[in-house]
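Chemist: can't give you the sequence, but here's the structure:
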């Protein structure tokens, strides 16, 4: 009897939630609410910081465009590097930054997972981006792109020759180019086939001085840390931006997270003069970028890849064959 009385005496404490199930659930709900609030505050803070950084930088870059020399190039890279930090993304770079060989310009060729690739790659490499023509009409983003000397292309076959000549003019004036030859962003699980038309600017032709034919620098970009931990297939959509996603909602989802990291692998430059045609060159570049990205997705130690001599890659891997998804 006394034992039962003692048991009943303890029940009010459990019902009041002191150490019981209801109290534990209440504390769990409070923690969840606090965590959700912290995430919202984090993404708002990051967004405001980016706007506060961007507005004065637009004025500075406008001035840099007037000045001769490299200020416009160096400041654009600084802008993107700090932009990435304000987003909370740490960038790891593997490989050597290229230098011009015999004065030849460089075309950087990268896979494309998200709009975040722009600040990540832009903060690492000196070059002008090549973007689809629609970007020029996007509010604010189009203005930023123009200030960064972006080259806009329509991606229509009838204008390929004209746009190739425009890109060659950019290279001839001393700038490098940054291309995403997949033509669209992906889900981050594979590298889509490269469109050879994007590399028309690097095609070796008899009517082009060999010193004007640019070197090709393959670049693999993979987002490999979320919350400080390696990313698996299920977590890649946090970074990936594709389909009908809009930038605002994607930024809201991504910006709430901590421990973000992107890894950029700068592979060994490729000389287009080694390849008989544009398609063979495109295949060699695609294989290098896809293999580097697959290594990163598998969370294996990456290293820059040197393209195989012409023959074996093109024979063994037909153009358009998708890279292994991991």
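Modeler: Sure thing, it's come through. Treat the numbers as computed from the prediction; the structure is a model and nothing was measured. Numbers count the residues shown, from 1 in each chain.
Chemist: longest helix in this protein, by residue count?
Modeler: The longest helix of the chain (DSSP state H) is helix 21-66.
Chemist: excluding its backbone neighbours, what's nearest the most centrally placed residue in the chain?
Modeler: Against the mean C-alpha coordinate of the chain, by CA atoms, centre = their mean, the closest residue is residue 117 at 1.8 Å. In this structure, residue 117 finds its nearest non-sequential neighbour in residue 221, 5.8 Å apart by CB to CB, 6 or more residues apart in numbering. Backbone N, C-alpha and C define where each C-beta goes, glycine included.
Chemist: same thing with residue 62?
Modeler: Of all residues not flanking residue 62 in the chain, residue 147 sits nearest, at 6.5 Å (CB to CB, 6+ apart).
Chemist: just residue 92 next, same as before
Modeler: Of all residues not flanking residue 92 in the chain, residue 263 sits nearest, at 4.6 Å (CB to CB, 6+ apart).
Chemist: and the helix or strand the one you found falls within, what does it pack against?
Modeler: Using DSSP states H and E, residue 263 falls within strand 260-266. The contact analysis (3 or more CB pairs under 8 Å, 6 or more residues apart in numbering; DSSP states H and E) places strand 260-266 against strand 89-94, helix 117-122, strand 215-226, helix 278-297.
Chemist: and with 6 Å instead?
Modeler: In terms of contacts (3 or more CB pairs under 6 Å, 6 or more residues apart in numbering; DSSP states H and E), strand 260-266 is packed against strand 89-94, strand 215-226.
Chemist: quick check: neighbours of that strand in the sheet, parallel or antiparallel?
Modeler: Sheet pairing for strand 260-266, assigned by DSSP bridges, gives strand 89-94 (parallel), strand 215-226 (antiparallel).
Chemist: quick check: mean pLDDT across that strand?
Modeler: Mean pLDDT, strand 260-266: 97.
Chemist: how about it: buried residues?
Modeler: 260-266 (16 or more other CB atoms under 10 Å).
Chemist: repeat that for stretch 230-240.
Modeler: Buried, per 16+ other CB under 10 Å, within stretch 230-240: 231, 235-236, 238-240.
Chemist: from start to finish, how long is it in a straight line?
Modeler: Stretch 230-240 has its terminal residues 16 Å apart, counting by CA to CA, to the nearest Å.
Chemist: for this protein, which spans come out with low pLDDT?
Modeler: Within the chain, the ranges that satisfy pLDDT under 70 run 1-26, 101, 155-160, 204-208, 308-326.
Chemist: could you dump the strands paired with strand 260-266 to a markdown table with mean neighbour count and distance to residue 165?
Modeler: Compiled in a markdown table, those are given as follows (neighbours: other CB atoms under 10 Å; distance: least, CB to CB, whole Å):
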| stretch | mean neighbour count | distance to residue 165 |
| --- | --- | --- |
| strand 89-94 | 16 | 32 |
| strand 215-226 | 24 | 19 |
